[in-house]
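*Asks:* 3D, please:
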Amino acid sequence: MTHPTMLFDTTEHVLIAVHGREPPSDEDWELYMQAVLALPATCTRTLVVTAGGGPNAKQRASINDFVSKHTLTVAICTDALLVRQIGIALSWFNPRVRSFRGNDIAAALRYLDVAGPEAALVHHKVARMRLEIDGRAPRATR
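*Replies:* Numbering: from 1, shown residues only. You can find the predicted model right below:
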């Protein structure tokens, strides 16, 4: 059984994307972009948590096209140097992109202005998706 290269979910205000060590497959990225394009107006913040996988140039172009037309505040949690560099490149198109240490989700959520029950829900969803990407949890149904 293969594991997903990335998973995503939402709360009322936050799109959450979790990547493993490998870059997202084109299929996973396409599903993600469909979700991004369908986001409700209340969902203007994105939390990305990655063990090192990040979008390739073509995938980055599709998200840059989206952020050129929509305001998103993005927090990227990673310890991977390459992904931190991708975050810097993305910030050239969207100055509201900021990087944080891989496990500093609390600081990322403060940056995104997410607190209380919604922050707790984000922590829960990130933990579940990390386990699933690592192959240690059953794949959730959507």
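
*Asks:* what about Ile76, which helix or strand?
*Replies:* strand 73-77 (DSSP states H and E).

*Asks:* and that strand, what does it pack against?
*Replies:* The contact analysis (3 or more Cβ pairs under 8 Å, 6 or more residues apart in numbering; DSSP states H and E) places strand 73-77 against strand 45-50, helix 81-93, strand 97-100, helix 105-111. From N, CA and C alone the C-beta is placed, and that goes for glycine too.

*Asks:* let's see it at 6 Å
*Replies:* The elements that strand 73-77 packs onto, with contact taken as 3 or more Cβ pairs under 6 Å, 6 or more residues apart in numbering; DSSP states H and E, are strand 45-50, strand 97-100, helix 105-111.

*Asks:* what distance separates stretch 109-125 from the centre of its chain?
*Replies:* Distance of stretch 109-125 from the chain centroid (Cα atoms, centre = their mean, to the nearest Å) equals 14 Å.

*Asks:* returning to what we had before: and the helices and strands packed on strand 73-77, which is most packed in?
*Replies:* Across the helices and strands packed on strand 73-77, averaging neighbours per residue (mean count of other Cβ atoms under 10 Å) puts strand 45-50 on top, at a mean of 25.

*Asks:* related to what we said a few turns ago, who does the strand holding Ile76 pair with, and is each partner parallel or antiparallel?
*Replies:* Next to strand 73-77 in the sheet, as set by DSSP bridges, lie strand 45-50 (parallel), strand 97-100 (parallel).

*Asks:* could I get the ones you listed in JSON lines, plus columns for mean pLDDT and distance to Met6?
*Replies:* Output for the strands paired with strand 73-77, formatted as JSON lines (pLDDT from 0 to 100; distance: least, Cβ to Cβ, whole Å):
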{"stretch": "strand 45-50", "mean pLDDT": "95", "distance to Met6": "8"}
{"stretch": "strand 97-100", "mean pLDDT": "92", "distance to Met6": "17"}
